[in-house]
Structure formats: C-alpha cells, structure tokens
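**Student:** Would you be able to build a 3D model of this:
(one chain, ligands or ions: 1)
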Amino acid sequence: MSFSNWYNRALNRIWGFVEDRTSMRKWALRPQPEFTFKPSYWTGAFVVNAFLYQVVSGALLLLYYQPSTAPTLTACGQAAGTYSVAPGAWCSTYYILHSVPMGSLLLTTHLYGAYAMIFLMFVHFYRGYYLGVYKAPREFSWMVGTLLLVMTLGMGFTGYLLPYTQLSLNATNVGLVLAIRLPTLGPLLAPFILGDGTAQGLLSRMFDAHVVLIPLALAALLYAHIALFESHGIAPPATSDPVQRRRYTEKDDKKAVPFMPHIFFYIVKWGLLYTGVLFGIAALWPWSLPTYVGNLAAAGVVTEPDWYFLWLFKFVDFMGVTPVLAIGLTTVLIVYVLFLPYLDRSKRTHPRDRPFFIWLGTSLLAFFILMTVWGGETPGVEIAPMLVAETIGPIFLVNAVVIILFHWRYRRSYQRRLAARSSPFAGAYPIRGAPAPAPVTAAEVKAGE
Ligand code: HEM
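**Tutor:** As a prediction, this is how the structure comes out:
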C-alpha cells in the first residue's frame, strides 16, 4: 500500500471514530454548492479567522498589560532612557515588548492582526458591494455586517490608546472631539466616554470598551450574521444571464459539499496560512513603542491615527470642514451603507447592471485610498478649497465617464442579445456532464430586464 493510501485510510478512520462519538456533522453549518470552493466565497470566514487570532493574542496580552496612568518606576524607568517615571500602561507595554518571552511577537502580531482584520473586512465588504450580495433575501445579513464594520473600527479606535503613547493620546483626543460633536448623540455620549474627566477615567473606559463591551457586541452580532448566512445559504455568483442564473438556483446542478469536514478544513487551511504570514511579518518588522504620555521630549509629536482613520483626519484638514461637518458626513456614509439594500432596488446583481452604485462605490474607494495616502504624507497640514476640488473632483468625474461609456456599450450589445431571445453565454460555462441548457424563455428575459 502506498504511503498516501495508508495516510488517507488512517485519517478516515480517525475522522470516523471522532464523528461516531460526537456526531459533529450535525452541529456543522449547511452544505454549500461545489462552486464555492474558492477563497472569494469565504472572505467573511477569513475575517473570522483574524478575529479569533485577536481574541487569543489579546487574552495573552491581558496577563501583563495594566490599564493605569499612575506614574510607575519599574523596569521601564531605565527603558525610558532616564530614571524618570512613566505611566503604568506604557510601562507594562514596554515590559511586554522587552521582557516577556516572545512578548514582542505577541504584541506585534496583535497589532498587525488588527490591521489585517480591518483590511480583510473591507475586502469582504467591497466584494459584497460589487457583487450585490445585499439583495433580497440577504438585506439583514448586510445590515448586521454594517454594524460589525462599525464595531470593528471601534475596536481599532479604543485599542489605539491602550499603550498610552503621546501619539495615541493626541489622536484619540481628536477622535473624541469629533464623536462628542455629533448632533444630539454627542452630548449624550460624552459622560460615558469621558467619565470624571481624568486621564485614568478615559483610559479605563477605553480599556473596558476594548476588552469587554465591544468584543461582546461583536460576538453577538457575529452570531446573528452567521445564523442569517446559515438560513439563506451562500449567495450565488452575480450574473445577468438568465441561463446562468437558472443553473445556480436549480437543485440538480447544485452539487453540495458538506461543511464538516470539507469546508471547515478548507477555511482552517487558510487560517493557518494567515497565522504563518502574520508571524513572519511580525518577526521581520517588530513594532517599536513610541514615547509615553507626558514625556517632555514628546512635545513635537505629530497627531496621527492608524491608517484606517487617516482619511477622516485629512478631511478635517480641509479648509472650512468643521468637526460637525466631518462627523455628519461620516454618519451619512454609514447610513448609506446600512440602507443600501433598500436604495438599490433592482433585482440584478451583476456590476454591469448597476452603473450608479458601481460609480459611487468605486469613486468612494478611490477617495478613501487617496485621502489615506494624503493623510499619511501631510498629517495636520491645512488644504485650500481649490486644491481639494482639483484633487477630488477628477476621481468622481473620470469614474462617471468610464462607467457611462462601458454601460452604454453593454446596453447596446445586450439589446441585441435580447432581440435574439437567448443568451450568447448559454453553454459558455458548461458544467461537466450537464445536459445542454434549455433556451431562455420570454418570461425569463423579462425577469432579467
Ligand atoms: C467583523 C466583520 C465581519 C465578519 C467576521 C463577517 C463574517 C462573515 C461570514 C463568516 C460570512 C459567511 C460567508 C463568507 O465567509 O464570506 C459572511 C457573509 C456575509 N457578510 Fe459578513 N462579516 C463581517 C462584516 C461584514 C460587512 C461589513 C458586511 C457588509 C456591510 C457583511 C455582509 C455580509 C453578507 C451580505 C454576507 C452573505 C454573503 C453571501 O451569502 O455570500 N459582512 N460574513
């Protein structure tokens, strides 16, 4: 018997033994169609992988981190280069980085893992946006997802202050000023965020939000998100071709793959790769701790948030943009994303059938990238209205021209196809062994219009 045969039989026996005693397949999610065996269908699961790593690494960091602003003179007295005292939170972070075995790797992977989770979440979000997965019946999945997005950014915001560096305190203060200026909600939120107005009051609140309140909300929302996913099943590929659409919804062609163990281990495989890459990057480029709050040498520290809030900080630099306007526009953006399923009413999911929403999404994506780079290059530098118009205007304009041209060309060729009453894609993506597709009926053409 070859080694691979022996190996597979051994694995099967072990799996059979475990399955007999646990009935694991029964607690697994529903089987999914075979075509979902591609990373692009599991972007959300990759975010879950990243989240789980954050929970584990965060729990280990809690063993050493102290959320205190009290002056401390321990190992960190020397660390600061002098024998002066530094806040306890900064000292404990310094201790993790320099004295805890593997502490630097642990803290760096937690930080880079947060970046990765936010990045992967935006990939998951934009994939859903472009492929119209928010359409019926998945509207609530999308809305719960939007709340997850806000909570995840909240995790980033609250975590930023915890090392208690002058840089993180400055940026947190700017963020808080923006939040407190929120019409109606701001004054209500202020006492909860600021507490008794002391430095310790603020740090304690940020710590509580970062390790208890937001993770609990995230876990509850994630449960609802996955429960909704389980009830609807995975969204079929976006298509404007009636034959294709029928194929993906017809039961016979849906070769289902069990979640346990196939899909589960597929996701675990990607999760392990993620962890390996994260450790590799963290080992090569360990994070170094900026100086502590109150260090006189920190007087010239630039106020700069983490990359995912840079666009908002740069926005406040625009002449005439007040904190109320900045936070107001951010609220409009969130409300737009939240209610998108009810704004984009057409039944079509393919990007080429939704020119307006693709224009808006692409323009906003380009806007965020540009503002992030701009914010990183010139943080805190005021920008004149003319320069704003010259830089931002072309993004929206060029996108509009390109999308209008593509759409016009597509409509013309599509009209021709409708006239022929059958799709030219029929049979273009044949499913092996499947009979030739039936011609498209007039009713199907109408439904697709
Ligand atoms: C912490 C952030 C998030 C996590 C952990 C998460 C997790 C997941 C998971 C595990 C799935 C199952 C399919 C897959 O793996 O892709 C999923 C599907 C989905 N998510 Fe998320 N998600 C998050 C954020 C979002 C956001 C920001 C949105 C949009 C605003 C969103 C909208 C959706 C929708 C519509 C589906 C169903 C897609 C389909 O059936 O193909 N999610 N999410």
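**Student:** which outside residues touch stretch 110-121?
**Tutor:** 43, 46-47, 50-51, 53-54, 57-58, 61, 148-149, 152-153, 155-156, 159, 274, 278, 281-282, 287, 306-308 (Cβ atoms under 8 Å, 6 or more residues apart in numbering). To be clear about C-beta, it is placed using only N, CA and C from the backbone, and glycine gets the same treatment.
**Student:** ok, now stretch 356-368?
**Tutor:** Applying Cβ under 8 Å, 6+ apart, the external contacts of stretch 356-368 come out as 126, 129-130, 311, 333, 340, 343-344, 351-352, 392, 395-396, 399-400, 403.
**Student:** redo that, cut-off 7 Å
**Tutor:** For stretch 356-368, contacts defined as Cβ atoms under 7 Å, 6 or more residues apart in numbering pick out 126, 129-130, 311, 344, 351, 392, 395-396, 399-400, 403.
**Student:** Which of the helices or strands spans the spatially most central residue of the chain?
**Tutor:** The chain has residue 121 as the residue nearest its centroid, 1.7 Å off, counting by Cα atoms, centre = their mean. Assigned by DSSP states H and E, residue 121 falls within helix 103-130.
**Student:** What residues sit buried inside that helix?
**Tutor:** Residues of helix 103-130 classed as buried: 103-118, 120-122, 124-125, 128-130 (neighbour count, 16 or more other Cβ atoms under 10 Å).
**Student:** Which ones among those also lie next to the ligand?
**Tutor:** 121, 124-125, 128 (Cβ under 6 Å from any ligand atom).
**Student:** Model confidence score at the closest residue to the ligand within the stretch 151-300 of the chain, please.
**Tutor:** Among the residues of the stretch 151-300 of the chain, residue 235 lies nearest to the ligand; the distance is 3.6 Å by Cβ to the nearest ligand atom. If you check residue 235, the pLDDT there is 90.
**Student:** Using the three-state scheme, assign the residue nearest to it when sequence neighbours are not counted.
**Tutor:** Ranked by Cβ to Cβ, 6 or more residues apart in numbering and with sequence neighbours excluded, the top spatial neighbour of residue 235 is residue 133, at 4.1 Å. With DSSP: H, G, I helix; E, B strand; the rest coil as the basis, residue 133 sits in coil.
**Student:** and the gap between residue 133 and residue 349?
**Tutor:** The gap separating residue 133 from residue 349 is 7 Å, by Cβ to Cβ, to the nearest Å.
**Student:** Around the ligand, which positions in the stretch 101-250 of the chain sit nearby?
**Tutor:** So the stretch 101-250 of the chain meets the ligand at 121, 124-125, 128, 133-134, 138, 141-142, 145-146, 148-149, 152, 222, 225-226, 229, 234-235 (Cβ under 6 Å from any ligand atom).
**Student:** tell me the contacts of the residue in the stretch 251-400 of the chain that the ligand sits nearest to?
**Tutor:** In the stretch 251-400 of the chain, the residue that lies nearest the ligand is residue 337 (5.9 Å; Cβ to the nearest ligand atom). Residue 337 makes contact with residue 146, according to Cβ under 7 Å, 6+ apart.
**Student:** Please give the element, helix or strand, for it.
**Tutor:** helix 323-338.
**Student:** okay, the angle between that helix and helix 103-130?
**Tutor:** Relative orientation of helix 323-338 versus helix 103-130 (axes from the mean of the first three to the mean of the last three Cα atoms, to 10 degrees): 60 degrees.
**Student:** Whatever helix or strand comes next after helix 323-338: how far from the chain's middle?
**Tutor:** Downstream of helix 323-338, the next assigned helix or strand under DSSP H and E is helix 340-343. Centroid separation between helix 340-343 and its chain, computed with Cα atoms, centre = their mean, to the nearest Å, is 20 Å.
**Student:** And whichever strand or helix holds residue 265, what does it pack against?
**Tutor:** Element membership of residue 265 [criterion: DSSP H and E] is helix 264-284. With contacts taken as 3 or more Cβ pairs under 7 Å, 6 or more residues apart in numbering; DSSP states H and E, helix 264-284 sits against helix 43-61, helix 103-130.
**Student:** what would the ones you listed look like in a markdown table with mean pLDDT and distance to residue 407?
**Tutor:** A markdown table is the format used below for these (pLDDT from 0 to 100; distance: least, Cβ to Cβ, whole Å):
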| stretch | mean pLDDT | distance to residue 407 |
| --- | --- | --- |
| helix 43-61 | 98 | 26 |
| helix 103-130 | 98 | 15 |
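**Student:** and the lengthiest helix in the chain, what does it pack onto?
**Tutor:** When the chain is parsed with DSSP state H, its longest helix is helix 385-419. If you count contacts as 3+ Cβ pairs under 7 Å, 6+ apart, helix 385-419 packs onto helix 355-377.
**Student:** what comes up buried for the helix holding residue 337?
**Tutor:** Buried, per 16+ other Cβ under 10 Å, within helix 323-338: 323, 326-327, 330, 337-338.
**Student:** That helix versus helix 355-377: what angle between them?
**Tutor:** With the same axes, to 10 degrees applied, the angle from helix 323-338 to helix 355-377 works out at 140 degrees.
**Student:** right, and residue 257 touches residue 32 too?
**Tutor:** Yes - Residue 257 lies in contact with residue 32 (Cβ atoms under 7 Å); the separation is 5.9 Å.
**Student:** Those two: which is more packed in?
**Tutor:** A direct count of neighbours by other Cβ atoms under 10 Å for residue 257 and residue 32 places residue 32 higher, at 19 against 14.
**Student:** low pLDDT regions in this protein?
**Tutor:** For the chain, the stretches with pLDDT under 70 are 74-84, 241-254, 298-301, 415, 418-449.
**Student:** The closest residue to residue 264 other than its chain neighbours and residue 258, how far apart?
**Tutor:** Distances taken as Cβ to Cβ, 6+ apart place residue 28 nearest to residue 264, at 6.7 Å, with adjacent residues excluded. Distance, residue 28 to residue 258, by Cβ to Cβ: 7 Å.
**Student:** what touches both of those two?
**Tutor:** Listed as contacting both residue 28 and residue 258 by Cβ under 7 Å, 6+ apart is no residue at all.
**Student:** burial count for the nearest residue to residue 64 once chain neighbours are set aside?
**Tutor:** Closest residue to residue 64 apart from its sequence neighbours, by Cβ to Cβ, 6+ apart: residue 96 at 4.9 Å. Residues near residue 96, counting by other Cβ under 10 Å, number 22.
**Student:** Tell me the secondary structure at residue 96.
**Tutor:** Applying three-state DSSP: residue 96 is helix.
**Student:** Residue 66 versus that one, what's the distance?
**Tutor:** Counting by Cβ to Cβ - residue 96 and residue 66 are separated by 10 Å.
**Student:** now the helices for the stretch 151-300 of the chain?
**Tutor:** Per DSSP state H, counting those that start in this stretch, the stretch 151-300 of the chain carries helices over the ranges 166-180, 185-194, 199-208, 214-232, 242-249, 264-284.
**Student:** The first one - contacts with which helices or strands?
**Tutor:** For helix 166-180, the packing partners by 3+ Cβ pairs under 7 Å, 6+ apart come out as helix 139-161, helix 185-194, helix 323-338.
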